[in-house]
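Visitor: have a look; sequence and predicted model below, questions after that.
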Amino acid sequence: MTDGPIHVVDYGAGNIGSVLNMIKRVGGEALPTGDATILSGANKILLPGVGSFDNAMSKLARLSLIDVLRERANSGIPFLGICLGMQLLASGSDEGSLAGLDLIPGRVRKFSLDSSQSALKIPHMGWNMIRKLKDSRLTRDLDDNSRFYFVHSYHYECEHADDRLMETHHGYAFTSGIERGNVMGVQFHPEKSHRYGTQLLKSFVEL
């Protein structure tokens with residue numbers, strides 16, 4: 001297990017209270033901060049987020065966090081993005097014009113459903129199952145019947161297939177989890193996903 005608290009990036013893009021509570025519930029220490037100096041010494045980082053891509057990247061820029069987050073991720077520490085936080089790991093998004101953190105090469109795309117799928121709604125909202133695509137310490141205690149809570153209109157499209165960690169089906173299969181070395185992301189909300197989300201965050205705490 002990595003020493004020290006999990007630094008949860010607090011940059012004004014969503015309520016992080018439930019994330020902090022779940023980390024504590026599974027035995028971790030959570031430290032919310034938007035201070036670049038504090039984050040520069042972090043040994044484990046969780047990047048949450050809700051809302052739009054450009055708004056979130058703008059908030060990170062205003063707090064001078066972009067270079068710090070890239071440096072810490074590239075240093076090899078465990079780094080997890082959740083929901084919009086996962087999308088911010090991409091090179092960019094069709095939702096906006098700003099560059100992402102570019103930690104796992106790829107682009108965020110809007111769901112594109114055809115007329116035969118008119119019964120399906122966008123945003124993709126509610127419970128859905130994941131399918132694991134490779135072995136990972138983050139997902140080691142999950143099976144393919146694990147269900148998570150989603151709310152999103154855009155999904156990650158990896159440049160390299162071996163960065164895909166999980167997929168989920170909504171009209172078509174989309175990437176719902178990514179991993180490249182120490183950098184990971186999940187599209188769903190683990191903090192709203194009951195026992196499955198609890199297990200995933202416990203695994204992250206134990207990295």
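Guide: Cool, got the structure.

Visitor: any regions of the chain where pLDDT drops low?
Guide: Applying pLDDT under 70 to the chain picks out no residues at all.

Visitor: what is the longest helix belonging to the chain packed up against?
Guide: Ranked by residue count, the top helix of the chain under DSSP state H comes out as helix 194-205. On a contact count with 3 or more Cβ pairs under 8 Å, 6 or more residues apart in numbering; DSSP states H and E, helix 194-205 meets helix 17-25, strand 147-152. (C-beta placed from N, C-alpha, C; glycine too.)

Visitor: distance from the strand ranked longest in the chain to the middle of the chain?
Guide: Longest strand in the chain by number of residues (criterion: DSSP state E): strand 173-180. Its chain's average C-alpha position is 10 Å from that of strand 173-180, according to Cα atoms, centre = their mean, to the nearest Å.

Visitor: please point out which parts of that strand sit buried.
Guide: Of all the residues in strand 173-180, those buried under the rule 16 or more other Cβ atoms under 10 Å are Phe174, Thr175, Ser176, Gly177, Ile178, Glu179, Arg180.

Visitor: can I get that strand in CSV, CA atoms only?
Guide: Listed next in CSV are the C-alpha coordinates belonging to strand 173-180 (Å, rounded to 0.1, in the frame of the first residue of the first chain):
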residue,chain,number,x,y,z
ALA,A,173,-19.9,-1.5,-26.5
PHE,A,174,-18.0,1.5,-25.1
THR,A,175,-14.9,1.8,-22.9
SER,A,176,-16.0,2.2,-19.2
GLY,A,177,-12.6,1.8,-17.6
ILE,A,178,-9.0,2.6,-18.7
GLU,A,179,-5.5,1.8,-17.4
ARG,A,180,-2.0,2.6,-18.5
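
Visitor: could you list the paired strands of whichever strand or helix holds Gly185 along with their orientation?
Guide: Using DSSP states H and E, Gly185 maps to strand 183-186. Within its sheet, strand 183-186 is paired with strand 79-82 (parallel), strand 173-180 (antiparallel), according to DSSP bridges.

Visitor: next structured bit after the shortest one?
Guide: This points to strand 79-82. Next element after strand 79-82 (DSSP H and E): helix 84-87.

Visitor: packing partners for that next one?
Guide: helix 53-62, strand 154-158, strand 183-186.

Visitor: rewinding a little: make TSV out of the helices and strands packed on helix 194-205 and add mean neighbour count and distance to Lys192.
Guide: Converted to TSV, those look like this (neighbours: other Cβ atoms under 10 Å; distance: least, Cβ to Cβ, whole Å):
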stretch	mean neighbour count	distance to Lys192
helix 17-25	17	7
strand 147-152	20	4
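
Visitor: ok, which of the ones you listed comes nearest Ser52?
Guide: Smallest distance to Ser52 across the helices and strands packed on helix 194-205 (Cβ to Cβ): 11.4 Å, for strand 147-152.
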